[in-house]
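> After the sequence you'll find the predicted model.
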Amino acid sequence: MRNRTLSKIGTQLLRLRHDTSQSSQDRTAPADYGLDQRQVDEFVAGTLDAEGEAALAHQVARLLPFHWTWPNRVAEAMSQIMNHFDDQRELMAWLDRHPGLPRLVARLYVFMGLLDSYSAMPAVVTAMREYRERTPYPPGLQPYLVPATDDDTLSSIAFKVEKLLGEERTQEAVELALATAAWLQQIAPRARELTPEVGDLDELMGHARQDIQAAAADI
């Protein structure tokens, strides 16, 4: 994962997401999802071998989409892991070092963080709205967008990516993320024209697309 992309996100990657009243609080992890406490303890102690660490990263990646409904035992074990890192960016960087699902989940959460950070930016909302006046549904996004465009639009997409991950519809989560990134690349010049504060949105989305595509290829 590119450090430049990670640095744009901040630390609030696992907060409760938009539309939680619809389904987030009702989603619980399947019974076979969990953490091996021995592996957690050894990881925190620095004694877990590479094979065990890869297995633990996979367990963590499967659990992240259910962060709001972790049972106490899982929440306590996850707290041990998270406390091992300085912040959640380091957690994502750790997951990113493990190919397969952990890397893909990390990169999708980084992308969701970017969507959250741009969701309420007026210039981005205006540019999206103007685009949709010409093309109501950007390619690949018709099943996921409501007719109105507002400061919840991108956060809502982030929620849907996370929901698809939780439902193990990984390819659909990837396709939604890639379609959204492509759309934001298209509206980025107009958004920056409205306000320079938008910064390098186009470049960030280009990096995000490359990162997600590369990680998905290993699944």
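Arrived safely, thanks for sending. Residues are numbered from 1 along each chain as shown.

> got the domain boundaries for the protein?
The chain is divided into the following domains under automatic domain parsing: 24-98, 104-219.

> And stretch 131-138, what's buried?
Judged by neighbour count using 16 or more other CB atoms under 10 Å, the buried positions of stretch 131-138 are 131-132, 138. (Each C-beta comes from the backbone N, C-alpha and C, glycine too.)

> Now flag whichever of these is closest to Asp150.
Nearest to Asp150 among the buried residues of stretch 131-138 is Arg132, at 11.2 Å by CB to CB.

> Quick check, the closest one in contact with Ala148.
No: at 9.2 Å, Arg132 does not count as touching Ala148 under the criterion of CB atoms under 8 Å.

> Give the residues shared as contacts by the two.
The contact sets of Arg132 and Ala148 do not overlap (CB atoms under 8 Å, 6 or more residues apart in numbering).

> Correct me if wrong: Asp151 contacts Val125.
Yes: with contact defined as CB under 8 Å, Asp151 counts as touching Val125 (5.5 Å).

> Just want to know which of the two has more residues nearby.
More crowded of Asp151 and Val125, by other CB atoms under 10 Å: Val125, with 21 against 13.

> And that one, how far from Arg169?
Distance from Val125 to Arg169, counting by CB to CB, to the nearest Å: 28 Å.

> Check Leu104 too.
13 Å.

> more crowded one of those two?
A direct count of neighbours by other CB under 10 Å for Leu104 and Arg169 places Leu104 higher, at 26 against 13.

> which residues does Arg83 contact?
Wrong residue type there; residue 83 is Asn, not Arg. Val44.

> same question, Ala55
Applying CB under 8 Å, 6+ apart, one finds that Ala55 lies in contact with 36, 39.

> That one is in what secondary structure piece?
For Ala55, the host element (DSSP states H and E) is helix 50-63.

> list the buried ones in that helix?
Neighbour-count burial for helix 50-63 flags 53, 56-63 (criterion: 16+ other CB under 10 Å).

> Tell me the pLDDT of Leu104.
If you check Leu104, the pLDDT there is 98.

> How much space separates it from Glu51?
20 Å.

> Point me to the helix or strand that includes the residue most central in space within the chain.
Nearest to the mean C-alpha position of the chain, by CA atoms, centre = their mean, lies Tyr109 at 1.9 Å. Element membership for Tyr109, per DSSP H and E: helix 101-119.

> tilt between that helix and helix 50-63?
Counting by axes from the mean of the first three to the mean of the last three CA atoms, to 10 degrees, helix 101-119 points 40 degrees away from the direction of helix 50-63.

> Figure out how far helix 101-119 is from the centre of its chain.
How far helix 101-119 lies from its chain's middle: 3 Å, per CA atoms, centre = their mean, to the nearest Å.
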